[in-house]
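Visitor: I would like the atomic coordinates for the input below:
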Amino acid sequence: MQFQPTEDQKAFRDAATRFASERLAPTYQERASGHTFDRDLIREMGSVGLIGMDLPEEFGGMGETAVTAGLITEQIAYADFNASYVQLLGSLMGGMVAQHASKDIAAEWVPKVISGDALIGLGLTEPRGGSDAASLQLKAVKDGKGWRLSGEKTSMSFASQADAAVVFARTGGPGNNSRGVSAFFVDLTSEGITRTHFNDIGTKPVGRGSVFFDDVYVPDENMMAEQDRAFGSIMAGFDFSRALIGLECIGAAQASVDETWAYVQEREAFGAPLVQYQGVSFPIAEAETQLTMMRQLCYYTLNLRDSEIPHTSQAAMCKWYLPKTCCEIIHQCLILHGHYGYTTDLPHHQRYNDVLGLQIGDGTAQIQKLVIAREKVGPVALQYKKKAGAK
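Guide: Now for the predicted structure:
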């Protein structure tokens, strides 16, 4: 398959690079200490087409490919890992709403996501759920021409600042599987909603936290996809976001590697630049090799998506391997900067803390490996059952 970007994709990438280097990189660490995004900066990102460029043209998007979304996500993350969440979740959540919400809701909210005027969160994880995402306790009870939502969602990105969220709730069936799960588009300014934010060690501006629903009324038209069958159809979007997450991590790690190459050429020890010593240059060369291979995996996955070819296992590979490896690369870059690397003057510690969270969020390494194993073993097991039944 061909992964060389087209001229149009290069133009998108170059525009993202310029904006990221001029508007995001200089104040990355300054913004990283806050618990909310600068909404004016988000609108500026939207105004230059850096949010949800893959979303449908009928809603103000550009109808671009998943590969193009990946190119832009990587460039933003190179300058500001946290700001790349805006683009990633813009594509993910905007796509969910465009595909599964009512036409009226999509027409109102997707353009706001693209312009940077709205942030949409995902209400999936619960305090007792974690990796067992389908085992939901938040209930939706029928009430006339709508539903009443009661319960808690936790570890939600944008929890303290999102304008709306796609919230998964149990509308029927037992509470330990995906049957009986429905999804609702919920305006988070609705009566009965309260929110908190967590004081995380990284990705603070993303505003991860909990959202509490106390008998919150949601009209029938806000249900997304099919009642009691929403989990599988909507969750398929994670095959997209997991490749974008990989590119987020690559962007941050590549920035640290580039800075380290520059440093070891300038810094001298024992009468020679540090880069002359194999103990210094070899780890960075290894990091370049890893980043090149991981980048290919991510764009291969996105290319499969654009070609409408199943890519669940490849997406899971992106999600478990890249956050871990990119953390290791950034850590090595910090060490190679010596005592200066251990200060907060340099951004390596910030990148490390920001990337670290993605070894947990959106599915742990153990869950991703389970997904890969099921994708590989499932067809074999099914074939065995068929043969056994024929005997």
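
Visitor: three-state assignment of Val141?
Guide: strand (DSSP: H, G, I helix; E, B strand; the rest coil).

Visitor: hang on, it packs against Arg170?
Guide: No: under the criterion of C-beta atoms under 8 Å, Val141 makes no contact with Arg170, lying 9.7 Å away. Bear in mind the C-beta positions are built from the backbone N, C-alpha and C, glycine included.

Visitor: higher neighbour count, those two?
Guide: Comparing Val141 with Arg170 by other C-beta atoms under 10 Å, the one with more neighbours is Arg170, at 21 against 13.

Visitor: can you give me the helices in the stretch 201-350 of the chain?
Guide: Secondary structure of the stretch 201-350 of the chain (DSSP state H, counting those that start in this stretch): helices at 230-235, 238-266, 278-306, 312-336, 338-341, 348-356.

Visitor: which stretch among those comes nearest Gln4?
Guide: For the helices of the stretch 201-350 of the chain, proximity to Gln4 was assessed by C-beta to C-beta; helix 278-306 is nearest, at 9.9 Å.

Visitor: for that closest one, which positions count as buried?
Guide: 280-281, 283-284, 287, 290-291, 294-295, 297-306 (16 or more other C-beta atoms under 10 Å).

Visitor: what's the angle from it to helix 238-266?
Guide: 160 degrees (axes from the mean of the first three to the mean of the last three C-alpha atoms, to 10 degrees).

Visitor: mind giving me the packing neighbours of helix 278-306?
Guide: Helices and strands touching helix 278-306, by 3 or more C-beta pairs under 8 Å, 6 or more residues apart in numbering; DSSP states H and E, are helix 66-79, helix 238-266, helix 312-336.

Visitor: of those helices, give the one that comes closest to Lys103.
Guide: The nearest among the helices and strands packed on helix 278-306, by C-beta to C-beta, is helix 238-266 at 21.9 Å.

Visitor: and the closest one, what's buried?
Guide: Within helix 238-266, the residues scored as buried using 16+ other C-beta under 10 Å are 238-257, 259-261, 263-264.

Visitor: repeat that for stretch 268-281.
Guide: Neighbour count says stretch 268-281 has 274-275, 280-281 buried, by 16+ other C-beta under 10 Å.

Visitor: now, which of these sits nearest Glu226?
Guide: Among those, and counting by C-beta to C-beta, the member closest to Glu226 is Ser281, at 56.2 Å.

Visitor: which ones are touching the nearest residue to that closest one once chain neighbours are set aside?
Guide: Spatial nearest neighbour of Ser281, chain neighbours left out: Val275 (5.2 Å); criterion: C-beta to C-beta, 6 or more residues apart in numbering. With contact set as C-beta atoms under 8 Å, 6 or more residues apart in numbering, Val275 has these partners: 261, 264-265, 281.

Visitor: would you point out the most distant pair within those residues?
Guide: Gln265 and Ser281 (9.7 Å).

Visitor: save the helices and strands packed on helix 278-306 as CSV, and put in mean pLDDT and distance to Tyr85 too.
Guide: Formatted as CSV, the helices and strands packed on helix 278-306 follow (pLDDT from 0 to 100; distance: least, C-beta to C-beta, whole Å):
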stretch, mean pLDDT, distance to Tyr85
helix 66-79, 98, 9
helix 238-266, 97, 8
helix 312-336, 97, 14
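
Visitor: about what we covered before: which among the helices of the stretch 201-350 of the chain is found nearest to Thr203?
Guide: That would be, of those and by C-beta to C-beta, helix 348-356, which comes in at 5.1 Å.

Visitor: and that closest one, what does it pack onto?
Guide: Short answer (3+ C-beta pairs under 8 Å, 6+ apart): helix 348-356 packs on helix 28-32, helix 81-100, helix 238-266, helix 312-336.

Visitor: out of these, flag the one nearest Gly209.
Guide: helix 81-100 (14.1 Å).

Visitor: check which element follows that closest one along the chain.
Guide: Scanning forward in sequence from helix 81-100 by DSSP states H and E, the next helix or strand is helix 103-115.

Visitor: now Glu266. Nearest residue, chain neighbours left out?
Guide: Pro273 (7.2 Å).

Visitor: the one you found against Arg267, yeah?
Guide: Yes: using C-beta under 8 Å as the test, Pro273 is close enough to Arg267 to be in contact (6.8 Å).

Visitor: so what sits against both of the two?
Guide: With C-beta under 8 Å, 6+ apart, Pro273 and Arg267 have no common neighbours.

Visitor: if we can go back for a sec, CSV for the buried residues of stretch 268-281, including distance to Ile201?
Guide: Shown next, in CSV, are the buried residues of stretch 268-281 (distance: C-beta to C-beta, whole Å):
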residue, distance to Ile201
Leu274, 30
Val275, 32
Val280, 28
Ser281, 31
